[in-house]
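Chemist: how would this look folded up:
(chains A, B, C and D)
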There are 2 protein chains.
Amino acid sequence: MARPREFDTAQALDAAVQVFREHGFEGTSAAMLTKRMRIGRQSLYDTFGDKWKLYLSAVSRYSALETSAHISTLNSKENAFEGIRAVVERVVAEARMPCLGVNSICEFGVRQAELSAQHAVAAERLRVPFVKRIREAQLAGDLTSELEPDAVVDFLVTTFSGIRIAARGGADDGKLRALGEIALRALR
Amino acid sequence: MARPREFDTAQALDAAVQVFREHGFEGTSAAMLTKRMRIGRQSLYDTFGDKWKLYLSAVSRYSALETSAHISTLNSKENAFEGIRAVVERVVAEARMPCLGVNSICEFGVRQAELSAQHAVAAERLRVPFVKRIREAQLAGDLTSELEPDAVVDFLVTTFSGIRIAARGGADDGKLRALGEIALRALR
DNA sequence: CGCGTTTTGGAACGATCATTCAACTAAGGA
DNA sequence: TCCTTAGTTGAATGATCGTTCCAAAACGCG
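Modeler: Numbers count the residues shown, from 1 in each chain, chains lettered A, B, ... in the order given. All right, here's what the predicted structure looks like:
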């Protein structure tokens, strides 16, 4: 064999995620990427193809990690409603950092099919366990049974986007927390 | 005197608003602007300064129009709660078109002071009449009195952002309408 | 008509962009 | 030591970017 990789691909990708989160696709240059990823220009192209492919990889990785984090938070509590509340609180706590999912939707809408497909995958992966816990909470009487679980998921996800936008716009933590509270209130 | 303006400044600015709504600041080129605004390259720079100044003007105009539309919809009904519902329905109906406010916050966060200042102005202008009608609806018993009117406004605005993101991500009208419904439900 | 002004568009500027080529260095295994 | 692969780096590509200069054309008014 020959010389081994000196950088960790996953680690470099994580760094790329950070840059794209903060500056979006158009607002990010190759120079910004190589600097933060701590790899050479050529290594970037060799390893990730081009800027767009790297962006797709970054969104994919971000979505996967974020979805996993949501799900494990959701299931971290015995009580279903408390699990749901924990997810809301997590979103509030992390809202200071821009969300790559929200950003990419804002930037490209549904113009890029590959991007939309990734969002759809992540949304679906999140929906299943969420619906399960919502049913659970409804049976326990902690959530109203007047609403379809699917509609509740949609509403929660929408609220998350809203909270993230509010945070990006400079809202303070108290306000974000209050927003989460009112959202939960809607589902009682 | 001499040769008069051949284009309407306000009209040209409206066209710029459309382009920026769809493609954001970074994603918009001067060529795209002059084409849609139907003015010469030089006229753009003579009239609006440069691309960034034009963007600020566009955001300003958009915010002013959007805020006015919100307020007049809010006051278009005798009943306060119906006025609030009308605003929600308006947001749902127009959500297919990207919101320049949401987009600019997504793209720049709070990095550009002039931009943040404009958002703050629009938010404040919207808040006053909203709080008034929320109080009204609370007194009429159509809205819960458990929540501070200010918190209710924040929640509604946040929901609007969320709905707009959902729409930009491809959600269908039925889903958007349902989101609005649940949001109103939270305030009862 | 011609003066003053506006609008337009071609040409060009320098900057930056993403991307590639090529030469060079570095490291492990044979 | 040599080969192979990985990595870095400088130079260069061609494109596009925002922006300015300039000259020609268009128009209203005296």
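Chemist: how close does the closest residue to chain B within chain A get to A:Phe81?
Modeler: Nearest residue of chain A to chain B, counting by Cβ to the nearest Cβ: A:Ala186, 2.8 Å away. In short, each C-beta sits where N, CA and C put it, glycine included. Going from A:Ala186 to A:Phe81 by Cβ to Cβ, to the nearest Å gives 13 Å.
Chemist: in which helix or strand would I find the residue nearest the centre of chain A?
Modeler: Centrality entry for chain A: nearest residue to the mean C-alpha point is A:Glu66, 4.5 Å, by Cα atoms, centre = their mean. Assigned by DSSP states H and E, A:Glu66 belongs to helix A:51-74.
Chemist: After that helix, heading C-terminal, what element do we hit next?
Modeler: Under the assignment DSSP H and E, the closest C-terminal helix or strand after helix A:51-74 is helix A:80-94.
Chemist: Which strands and helices lie in contact with that following helix?
Modeler: helix A:51-74, helix A:113-139, helix A:149-168, helix A:173-185 (3 or more Cβ pairs under 8 Å, 6 or more residues apart in numbering or on different chains; DSSP states H and E).
Chemist: show me the contacts for the residue of chain A closest to chain B.
Modeler: A:155, B:182-183, B:185-187 (Cβ atoms under 8 Å, 6 or more residues apart in numbering or on different chains).
Chemist: repeat that for 6 Å
Modeler: Applying Cβ atoms under 6 Å, 6 or more residues apart in numbering or on different chains, one finds that A:Ala186 lies in contact with B:182, B:185-186.
Chemist: Looking at these, spot the one nearest B:Gln138.
Modeler: Of all these, B:Ala186 has the smallest distance to B:Gln138: 13.9 Å, by Cβ to Cβ.
Chemist: want to throw the contacts of A:Ala186 into CSV with pLDDT and distance to DNA strand D?
Modeler: Listed next are the contacts of A:Ala186 as CSV, based on pLDDT from 0 to 100; distance: Cβ to the nearest atom of the strand, whole Å:
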residue, pLDDT, distance to DNA strand D
B:Ile182, 95, 40
B:Arg185, 92, 44
B:Ala186, 89, 41
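Chemist: Run a quick neighbour tally on A:Lys51.
Modeler: Around A:Lys51 there are 17 other residues, counting by other Cβ atoms under 10 Å in any protein chain shown.
Chemist: Count the residues that sit near the residue lying closest to it once chain neighbours are set aside.
Modeler: Counting by Cβ to Cβ, 6 or more residues apart in numbering or on different chains, the nearest residue to A:Lys51 once its immediate chain neighbours are dropped is A:Ala30, at 6.2 Å. Other residues near A:Ala30 number 13, with proximity taken as other Cβ under 10 Å.
Chemist: Quick check: phi and psi on A:Ala30?
Modeler: Summarising the backbone geometry of A:Ala30 under the convention degrees, to the nearest 10, its torsions are phi -60, psi -40.
Chemist: so how far is A:Leu115 from it?
Modeler: In this view, A:Ala30 and A:Leu115 are 20 Å apart by Cβ to Cβ.
Chemist: Where does A:Asp46 sit, in terms of helix or strand?
Modeler: Secondary-structure element containing A:Asp46, defined by DSSP H and E: helix A:41-48.
Chemist: Return the set of buried residues in that helix.
Modeler: Applying a neighbour-count criterion of 16 or more other Cβ atoms under 10 Å in any protein chain shown, one finds A:43-44, A:47-48 buried in helix A:41-48.
Chemist: Quick check, pLDDT for A:Met1.
Modeler: In the predicted model, A:Met1 carries a pLDDT score of 50.
Chemist: what's the answer for A:Tyr55, then?
Modeler: Reported pLDDT at A:Tyr55 in the predicted model: 97.
Chemist: quick one on the thing from earlier: relative to A:Gly169, which of the contacts of A:Ala186 is nearest.
Modeler: Using Cβ to Cβ, the shortest approach to A:Gly169 within the contacts of A:Ala186 belongs to B:Ala186, at 20.8 Å.
Chemist: Thank you, goodbye.
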